[in-house]
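Peer 1: From the sequence below, what's the structure:
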Amino acid sequence: MAATPQNPAASAPRRKVSRHRGEGQWAVGHFTPLNGNEQFKKDDDGLNVRTRIETIYSKRGFDSIDPNDLRGRMRWWGLYTQRKPGIDGGKTAILEPEELDDEYFMLRVRIDGGRLTTQQLRVIGEISQEFARGTADITDRQNVQYHWIRVEDVPEIWERLEAVGLSTVTACGDTPRVMIGSPVAGIAEDEIVDGTPALEEMKRRVLNNKAYSNLPRKFKTAISGSPLLDVVHEINDVAFVGVRHPEHGPGFDVWVGGGLSTNPKLGVRLGAWVPVDEVPDVYEGVLSIFRDYGYRRLRTRARLKFLVADWGAEKFRQVLQDEYLKRKLVDGPAPEQPVQQWRDHVGVHRQKDGRFYVGFAPRVGRVDGTTLTKIADLAEAHGSGRVRTTVEQKMIILDVEEGQVDSLVEALEALDLTAKPSPFRRGTMACTGIEYCKLAIVETKQRGSQLIDELERRIPDFDEPITINLNGCPNACARIQVADIGLKGQLVLNDKGEQVEGFQVHLGGALGLDAGFGRKVRGLKVTAEELPDYVERVLKRFQAEREDGERFATWAARASEEALS
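Peer 2: Coordinates of the predicted model:
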């Protein structure tokens, strides 16, 4: 074809198209750091920053912190700088990190399996009151997050936490994060298998271990032997789900490659059954595959889910067996679908020892140090001193004698921690939001709490399970894609053409029962001010149109766009 003014490319030399030579996978010899994060991890292991925090930064103050420590390695010990007050959401993606940074930190306390003693809970509460201006949010990964932490106070906070067996190690960073577990492991009447021994051994092997402190990205773990599937196993990098093998008995089904954020993927089954005492070996094997074969070139493709998507479950299992376990795994069955939609353990439930556990609902995970110490008091007065956090931003008091149940429920109500919540109080979650998070675009916690109040007032007769998840940005910390109503924070235009806080709406996502991602209706966005009106409208349409026994997610999948608007 001749070159013409309309087709100047016809005479241009052809560019040779070639793929990048590697994805930064160590196992195939790509050790050269391919981005700034990989470089600072190569320069110094993130675990080493603790010494500098204790000996330099806590003594010289915020301005003495090296930038690669401040926005990198300090995460290995659970520390993120929080958002400077007064910066609106429109500037989130525009300002440089140092312009967004406040001189205070979020500090995340890892609570593996959600397991706490009242002594530990009381210390968490006391630290909140002394060092964190009362803040202590319960996350959807069973952790507690403080805000307003000064670097000068961090060594003393660590000392107090570690004195009662708690830690902030690898609570953030490119590391094995908190290992979530069934909050009723070992006590539930219907439990298939108790994963606690495996979880404790997994912690022993990997925490503070430099063999696993430089991963391509964060690594999320879940283990539960509950038939309720109560640890959102489908969206973890690795998960162990309780099953009964027809020949070998109780054990775990293995899942890999789940995760949300801006490129959500559900985990896949390896088709392998693992007894509880072999779970730590399989866990280390999966973790090692991620370390060695994970993609380190682009952080946007560095999570394990991308490797699993490229390899497939069959190859992943083969590599795990041949290169890491040096043995074959036993084929096993898939977990059964749970019999109920609520998986948060809220309410009064009998334990297998005849006592009871009582699950209760703070508002969108927001509590404070004073409240946590009062919860510790209640757990000691009514139970045996054991408390749990859940992956739904809820809490549980264990080991309550039957005669103590009513008084405990009444005492919780007095603290606005109801064990008999409305579906809206029970099913609404929110991430940290613009109040503290540097990635956020909109406010979430207060918005979620106000939404609960409005819906309880407007639709008092609504009695179906419903999940409403509010997220301050696209990163899905509050699991928007797998909620009945998922709300992704962004700036939208109101009816006056003004840019205001609002949400893109996802509808009909689910985990456990027919797991899948929510539906996005074209152009469906609501302002924050309009949010109660919108949710009321769509829930009333669900009530009017649903078939007998139909869940919201099922209805949302078949409903017209008009009904969802």
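
Peer 1: ok, and for the host helix or strand of residue 373, which residues are buried?
Peer 2: Using DSSP states H and E, residue 373 falls within helix 369-382. Of the residues in helix 369-382, 369, 371, 372, 373, 374, 375, 376, 378, 379, 380, 382 count as buried by neighbour count, 16 or more other C-beta atoms under 10 Å. Backbone N, C-alpha and C define where each C-beta goes, glycine included.

Peer 1: contacts for that helix?
Peer 2: 118-119, 121-122, 124-129, 132, 134-136, 362, 367, 385-387, 395, 397-398, 400-401, 404, 407-408, 411-412, 415, 417 (C-beta atoms under 8 Å, 6 or more residues apart in numbering).

Peer 1: What is the end-to-end distance of stretch 83-97?
Peer 2: 10 Å (C-alpha to C-alpha, to the nearest Å).

Peer 1: Keep only those of the contacts of helix 369-382 that are in helices.
Peer 2: 118-119, 121-122, 124-129, 407-408, 411-412 (DSSP state H).

Peer 1: filter the residues you listed to the buried ones?
Peer 2: 118, 121, 122, 124, 125, 126, 127, 128, 129, 408, 411, 412.

Peer 1: Surely the fifth one is in contact with residue 136?
Peer 2: Yes - with contact defined as C-beta atoms under 8 Å, residue 125 counts as touching residue 136 (6.8 Å).

Peer 1: Dump the buried residues of helix 369-382 into CSV; add pLDDT and distance to residue 147 as well.
Peer 2: Formatted as CSV, the buried residues of helix 369-382 follow (pLDDT from 0 to 100; distance: C-beta to C-beta, whole Å):
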residue, pLDDT, distance to residue 147
369, 98, 12
371, 98, 15
372, 98, 15
373, 98, 18
374, 98, 20
375, 98, 19
376, 98, 21
378, 98, 25
379, 98, 25
380, 98, 27
382, 98, 30
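
Peer 1: What is the nearest of these to residue 48?
Peer 2: residue 369 (30.6 Å; C-beta to C-beta).

Peer 1: now that closest one: how far from residue 429?
Peer 2: 21 Å (C-beta to C-beta, to the nearest Å).

Peer 1: What of residue 527?
Peer 2: Distance from residue 527 to residue 429, by C-beta to C-beta: 21 Å.

Peer 1: How about residue 164?
Peer 2: Counting by C-beta to C-beta - residue 164 and residue 429 are separated by 28 Å.

Peer 1: do residue 481 as well
Peer 2: Taken as C-beta to C-beta, the span from residue 481 to residue 429 is 13 Å.

Peer 1: quick one: residue 432 and residue 477 touch, right?
Peer 2: Yes - look at residue 432 against residue 477 with C-beta under 8 Å: they come within range, at 7.4 Å.

Peer 1: Looking at the two, which has the bigger crowd around it?
Peer 2: Each of residue 432 and residue 477 has its neighbours counted (other C-beta atoms under 10 Å); residue 432 has more, 27 against 23.

Peer 1: The more buried one: which element?
Peer 2: Using DSSP H and E, no helix or strand contains residue 432.

Peer 1: quick revisit: compare residue 527 and residue 429 (neighbour count), which wins?
Peer 2: Shown here are residue 527 and residue 429; by other C-beta under 10 Å, residue 429 has more neighbours (25 against 18).
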